[in-house]
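J.: pasting the structure only:
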Ligand code: JFQ
């Protein structure tokens, strides 16, 4: 599937509709007040809207990346599930997620020493810094080092380098495509230190069962421990999204460390209880993942 199959003509009568061949026959629509930014970068069409009820919304190639209304659910879980599963996360790599939200969440962990951040499209970073300061504040952290380029190529050159790698990708159509291949996951594994953990954007158990099965299969084959978490994101297709995880040692389905009261007070979604609950999956998914 190529990104020119996506219907980019999605604003009509004041409503944005997300229409995509990856979830045929269904469209999520949000009421729009204003288009704040609309440009084609080297890699993709970038649109930033002011919605009427969900704050600002970032859209890439016609696909909703986040709204200010519910971005915290995804960013918190993408960061805190792997970071709390690891007993002592110090060196972190983030691939994708130019909005900076996952960086903001990682930054809340005082023991993290270094965060490498690799994003293919620097235009997404610039737009987020201009219009989404509550997410792009992640870039203010002095531990963050930004690398502009292809995540697949970046990771190939890294061996035994990271405790945690987080892949905050867009969907497997367009620039995110390479991040859903087994060879990429092999690179992630080699880039981990002993006992390292990966967490990748795992699509939806309702809308993309084929991708969920593929990603779970790859991680099961390559890693010692594999787990799949399901989280609520009302403005993603199906209202939910998964996080596919692999570990070279630590178990994933419960936190390895206690959360400080200071950190817990900053969060809206993640708690030690929801960490455990996120891995409890409906029966049809349990069966799917066993196949
Ligand atoms: C937000 N930091 C990244 N992640 C957005 N269909 C993806 C956006 C598109 C969705 C899947 C998640």
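T.: Nice, thanks for sending it over. Keep in mind that what you see is a predicted model, and the values were worked out from it rather than measured. Residues are numbered from 1 along each chain as shown.
J.: helices or strands next to the strand ranked longest in the chain in the packing?
T.: For the chain, the strand that runs over the most residues, judged by DSSP state E, is strand 28-40. Of the remaining helices and strands, those touching strand 28-40 by 3 or more CB pairs under 8 Å, 6 or more residues apart in numbering; DSSP states H and E are strand 15-18, strand 45-51, strand 63-67, helix 122-131. The way it works is simple: take the backbone N, C-alpha and C, and place the C-beta from them, glycine included.
J.: out of these, which comes closest to the ligand?
T.: When the helices and strands packed on strand 28-40 are ranked by proximity to the ligand, the top entry is strand 63-67, at 4.2 Å, counting by CB to the nearest ligand atom.
J.: Show the average pLDDT along the next helix or strand after that closest one.
T.: Tracing the chain C-terminally past strand 63-67 and defining elements by DSSP states H and E, one meets helix 71-85 next. Predicted confidence along helix 71-85 averages 98 (mean pLDDT).
J.: After helix 71-85, which helix or strand is next? Please name it.
T.: Under the assignment DSSP H and E, the closest C-terminal helix or strand after helix 71-85 is strand 91-95.
J.: Assign a three-state SS to the closest residue to residue 88 other than its chain neighbours, would you?
T.: Among residues not flanking residue 88 along the chain, residue 111 sits closest, at 6.5 Å (CB to CB, 6 or more residues apart in numbering). When the structure is reduced to helix, strand and coil (DSSP: H, G, I helix; E, B strand; the rest coil), residue 111 reads as coil.
J.: So in terms of bridging, what pairs with residue 192?
T.: residue 162 (DSSP bridges).
J.: picking that back up, what are the pairing partners of the longest strand of the chain, and which direction each?
T.: When sheet partners are counted by DSSP bridges, strand 28-40 sits next to strand 15-18 (antiparallel), strand 45-51 (antiparallel).
J.: And the last one, how far out from the chain middle?
T.: What it means is strand 45-51. Taking CA atoms, centre = their mean, to the nearest Å, the mean C-alpha location of strand 45-51 is offset from the chain mean by 19 Å.
J.: Mind listing what's buried along that strand?
T.: Applying a neighbour-count criterion of 16 or more other CB atoms under 10 Å, the buried positions in strand 45-51 are 45, 46, 47, 48, 49, 51.
J.: For this protein, what lies in contact range of the ligand?
T.: Within the chain, the positions lying close to the ligand (CB under 6 Å from any ligand atom) are 63, 65-66, 74, 97, 99, 101-102, 168, 170-171, 201, 236-237, 241.
J.: neighbour-wise, which of those leads?
T.: Highest neighbour count within the residues of the chain next to the ligand: residue 97, with 29 neighbours (other CB atoms under 10 Å).
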